[in-house]
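*Asks:* no FASTA, just this:
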């Protein structure tokens, strides 16, 4: 019983991590209908920024996390302004090719600069080990992830629902043309959201180094997971991807624990079945416009 | 009826063999004789060309974007490997066709998943199928050999006459003949009324359906055919290298294939073949400069191609060949223009 709860908790932590990693992609796909396979590259950037700061420069872990966010966001906005923005009106094929090219470049560049082996981030002692909660073993690190990601999700939900920027963004996702007609600067909204999404991915990358593993092939290995979150969750709200990532996280952890041999098999099958059943995602209506 | 006869005359005029096409194949055969020390890389190119031809059938003619075409390549490769390893079918040509048919069956079954939905769903489903097969191949390692791959494959002589030699000479000519036969078939298919209806579907599925083209059936047919081609390419891989490992299913293989086709251009069949030559040369070049990090340059090529624009690159690439054709055959000679660039 306790092991089931522990697994469930691990799954939730994993799912929340996936959500932080992938929610930027939901905006890219939903708002601009842009197939960005290179989203994982921004996550990897954040992870490596954090690793370098903590391991080489001796920064404390919690001070490096915001910098991972900022670093990835800066890289994101630079690429958005120089490259991405020319491709919004192109065909999906062009977008796919472009982002695959970016992934390949990022993989080789990180391999060149940082080496090909897996990188570990030195964690503060407070985050190591487990705490015992009503007989259920809970990893401290995972508890921290759940707390941070939970707060982030709440904040995102509040921003989307309550602020002026949030309503602009929702308007732009629902109908970009009408939004432009109402005087909303959609490209600017998008650039800002893109950078924010990249930043979140970077933060997620830094947090995930301990759990998912950080090496130059990170963007390729987890590309399919991000895409699953977005396509299954849809992108009309933040709840869809959130529930989809929780489902995916719990299913993946449970699959790896209870049926280790067929774990990945189950996930891909479920994804294909869901996409056939609801091509626009379980909770979405505009994901695959 | 005049409109109909106009269409058929036009279609037949397009389907006629051009001088440039004959020249292409003569050149290909000449290369096989001229560079005896480069058999292996040339076999590689031929194989990749066939694989790219297969993707061109669905991408260039039917407009289906696939990120998991390696699935069929892998199935073909493992089928051919298992057939040879267990001595079920010893004769390579029959084994080749059998492997292609296995891939075609898979293509037929998965086509129902792929024709549903829009681009993004297709991308995800094709990618998912390839990953699924890779996971399966890893799971059933007692059959596939797992990460070690199939080992100890011994190929019997082709048709009982031509034994595979260690220099890859037989392998090259074998691959070249297979490519040529399959190319002729593909050429016949795309210039047939069937091929024309595919183009109609690619340009506008709704309109194609409105003029009476059975859209889904056509897409299923071409997807199955493309799977057959990819399976043959995979089987050729196993037969000429005596090797089949998990990386036949890898995402990189599907992505590289896209690059090959993008370099050459889609929708005129030669794109895959030209792209394969250019891609392998680029790969050799990059690997000789930076053996470990050539992936970076491949990625850069992709980004640059997309940023500059595919149509513009093709006009540039085809500039010299077209210039020669014009010089030789006069100003009005038909020049090679990729189909996708016309629109």
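*Replies:* Now that the structure is in, tell me what you want to look at. Bear in mind the structure is a predicted one, so any value in this text is a computation, not a measurement.
*Asks:* surely residue A:138 is in a strand?
*Replies:* Yes - checked against DSSP: H, G, I helix; E, B strand; the rest coil, residue A:138 lies within a strand.
*Asks:* so what's it bridging to?
*Replies:* Beta bridges link residue A:138 to residue A:131, judged by DSSP bridges.
*Asks:* neighbours around it, how many?
*Replies:* Other residues within reach of residue A:138 by the criterion other C-beta atoms under 10 Å in any protein chain shown amount to 18. Just so you know, the C-beta spots here come from the backbone N, C-alpha and C atoms, and that holds for glycine as well.
*Asks:* does it touch residue A:130 like I think?
*Replies:* Yes - contact status for residue A:138 versus residue A:130: in contact at 6.2 Å, counting by C-beta atoms under 8 Å.
*Asks:* what about the stretch 101-250 of chain A, any weak spots by pLDDT?
*Replies:* Counting by pLDDT under 70, the stretch 101-250 of chain A shows low-confidence ranges at A:135, A:235-236.
*Asks:* could you rerun that using 80?
*Replies:* When the per-residue scores of the stretch 101-250 of chain A are filtered using pLDDT under 80, the ranges that remain are A:125-138, A:173-174, A:234-237.
*Asks:* all strands of it, in order?
*Replies:* A:130-133, A:136-139 (DSSP state E, counting those that start in this stretch).
*Asks:* elements contacting the first one?
*Replies:* Counting contacts by 3 or more C-beta pairs under 8 Å, 6 or more residues apart in numbering or on different chains; DSSP states H and E, strand A:130-133 is packed against strand A:136-139, helix A:140-162.
*Asks:* what do you get if the cut-off is 10 Å, keeping everything else the same?
*Replies:* Contact here means 3 or more C-beta pairs under 10 Å, 6 or more residues apart in numbering or on different chains; DSSP states H and E; on that basis strand A:130-133 packs against helix A:2-32, strand A:136-139, helix A:140-162.
*Asks:* what about stretch A:89-101, near chain B?
*Replies:* Yes - shown here: stretch A:89-101 in contact with chain B (C-beta under 10 Å from any C-beta of the partner chain) through A:90-101.
*Asks:* got TSV for those residues, with secondary structure too?
*Replies:* Shown next, in TSV, are the residues of stretch A:89-101 next to chain B (three-state DSSP):
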residue	secondary structure
A:90	coil
A:91	coil
A:92	helix
A:93	helix
A:94	helix
A:95	helix
A:96	helix
A:97	helix
A:98	helix
A:99	helix
A:100	helix
A:101	helix
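*Asks:* out of those, which are buried?
*Replies:* A:92-101 (16 or more other C-beta atoms under 10 Å in any protein chain shown).
*Asks:* for these, which one is nearest chain B?
*Replies:* Ranked by distance to chain B (C-beta to the nearest C-beta), these are led by residue A:101 at 2.9 Å.
*Asks:* how near is the closest one to residue A:230?
*Replies:* Applying C-beta to C-beta, to the nearest Å, one obtains 20 Å for the distance of residue A:101 from residue A:230.
*Asks:* now swap in residue B:151 and tell me
*Replies:* On the measure of C-beta to C-beta, residue B:151 and residue A:230 end up 40 Å apart.
*Asks:* higher neighbour count, the two?
*Replies:* Neighbours were counted for residue B:151 and for residue A:230 using other C-beta under 10 Å; residue A:230 has more, 32 against 12.
*Asks:* the more buried one: what's it in contact with?
*Replies:* Counting by C-beta atoms under 10 Å, 6 or more residues apart in numbering or on different chains, residue A:230 touches A:22-30, A:35-36, A:39, A:240-241, A:244-245, A:281, A:284, A:287-288, B:120, B:124.
*Asks:* next, count neighbours for residue 132.
*Replies:* No chain was given, so I picked chain A. The burial count assigned to residue A:132 is 9, neighbours taken as other C-beta under 10 Å.
*Asks:* other chain: chain B
*Replies:* 22.
*Asks:* cool, the one 4 residues further on as well?
*Replies:* Burial measure for residue B:136: 16 neighbouring residues, criterion other C-beta under 10 Å.
*Asks:* quick one: contacts for it?
*Replies:* With contact taken as C-beta under 10 Å, 6+ apart, residue B:136 is in contact with A:262, A:264-265, A:268, B:143-144, B:249.
*Asks:* identify the residue spatially nearest to residue A:96, adjacent ones excluded.
*Replies:* residue A:35 (5.4 Å; C-beta to C-beta, 6 or more residues apart in numbering or on different chains).
*Asks:* ok but that neighbour is inside a strand, no?
*Replies:* No - the secondary structure assignment for residue A:35 gives coil rather than a strand, going by three-state DSSP.
*Asks:* and it, how far from residue B:120?
*Replies:* Note on residue A:35: its distance to residue B:120, by C-beta to C-beta, is 6 Å.
*Asks:* go on, residue B:204?
*Replies:* 19 Å.
*Asks:* try residue B:305
*Replies:* Between residue B:305 and residue B:120 the computed distance is 22 Å (C-beta to C-beta).
*Asks:* neighbour count: those two, which is higher?
*Replies:* Set side by side, residue B:305 and residue B:120 give different neighbour counts by other C-beta under 10 Å, the larger being at residue B:120 (23 against 20).
*Asks:* surely that one meets residue B:65?
*Replies:* Yes - the pair formed by residue B:120 and residue B:65 meets the contact definition of C-beta atoms under 10 Å, at 9.1 Å.
*Asks:* what touches both of the two?
*Replies:* Counting by C-beta under 10 Å, 6+ apart, the common neighbours of residue B:120 and residue B:65 are A:35, A:92, A:96.
*Asks:* got JSON lines for these, with pLDDT too?
*Replies:* Supplementary listing: the shared contacts of residue B:120 and residue B:65 in JSON lines, determined by pLDDT from 0 to 100:
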{"residue": "A:35", "pLDDT": "86"}
{"residue": "A:92", "pLDDT": "85"}
{"residue": "A:96", "pLDDT": "89"}
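*Asks:* returning to that earlier point: wait, the residue nearest to residue A:96 sits on residue A:98?
*Replies:* Yes - proximity of residue A:35 to residue A:98 meets the contact threshold set by C-beta under 10 Å, at 9.3 Å.
*Asks:* identify the contacts common to these two.
*Replies:* residue A:87.
*Asks:* report the distance from the helix or strand containing residue B:217 to the chain centre.
*Replies:* In this structure, residue B:217 is located in helix B:215-241 according to DSSP states H and E. Using C-alpha atoms, centre = their mean, to the nearest Å, the distance from the centre of helix B:215-241 to the centre of the chain it belongs to is 8 Å.
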